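Peer 1: sequence unavailable; structure follows:
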């Protein structure tokens, strides 16, 4: 039997660069697993919507892999409300060591030296679980880099990246690196770039480590779905 479809669920954005980045990431996923059917859909702004994609795949029993970096409202409420068996819905991508690998590479590409203090700039949320995920991701990146990483939030929570950068400068660190903990370019990425850091890493984008993480989440959810079906 063919493998279940990997249905990637992206947030969606009014910025065309975000959708283009999602599709570029999925091209990398397909290059790693050419035999695997991969489709994408969006929670907001772009088409197809999740409902439209599921209707097109009726009977195919896809595995949904949210392209979301933390557990928040979409994962706790919106996606479960579709009525899918929980075993066919993968968890958020983050936090995960593969994301730390990608973030570290983006900092290196930006020219950040190995000794600079780092601020991790997440999207932010009013959901405590999402904020906790960002804090855990800062810990994973700190372990990867071998130096402290300060978690910050681009909306809805403190500290902001600007505050975190300013606090580090007040503590005597004149040059600071900022890791952009976002999947795609757009409004939040531009806000991160304006936080005043000396070096700012690009969003994760179609990084190979991120593509491997998408496949890892798919494989774990597929195994759970097959175990559930056999029970």
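Peer 2: Perfect, thanks for sending it. Please read all numbers here as calculations on a predicted model, not as lab measurements.
Peer 1: any idea how far residue 75 is from the residue most central in space within the chain?
Peer 2: Nearest to the mean C-alpha position of the chain, by Cα atoms, centre = their mean, lies residue 69 at 3.3 Å. Using Cβ to Cβ, to the nearest Å, one obtains 11 Å as the distance from residue 69 to residue 75. (Each C-beta comes from the backbone N, C-alpha and C, glycine too.)
Peer 1: list residues touching both of the two?
Peer 2: Contact criterion Cβ atoms under 8 Å, 6 or more residues apart in numbering; residues shared by residue 69 and residue 75: residue 92.
Peer 1: so which residues make contact with the lowest-mean-pLDDT helix or strand in the chain?
Peer 2: Here the helix or strand of the chain ranked lowest by mean pLDDT, DSSP states H and E is helix 73, holding a mean of 82. If you take Cβ under 8 Å, 6+ apart as the criterion, helix 73 is touched by residue 127.
Peer 1: run the chain-centre distance for that helix.
Peer 2: Using Cα atoms, centre = their mean, to the nearest Å, we find the averaged C-alpha position of helix 73 to lie 15 Å away from the chain's own average C-alpha position.
Peer 1: again with stretch 109-128
Peer 2: Put simply, stretch 109-128 sits 14 Å off its chain's centre (Cα atoms, centre = their mean).
Peer 1: tell me which residues in it are buried?
Peer 2: Along stretch 109-128, these residues count as buried under the neighbour rule (16 or more other Cβ atoms under 10 Å): 110, 112, 116-125, 127.
Peer 1: cheers, nothing more for now.
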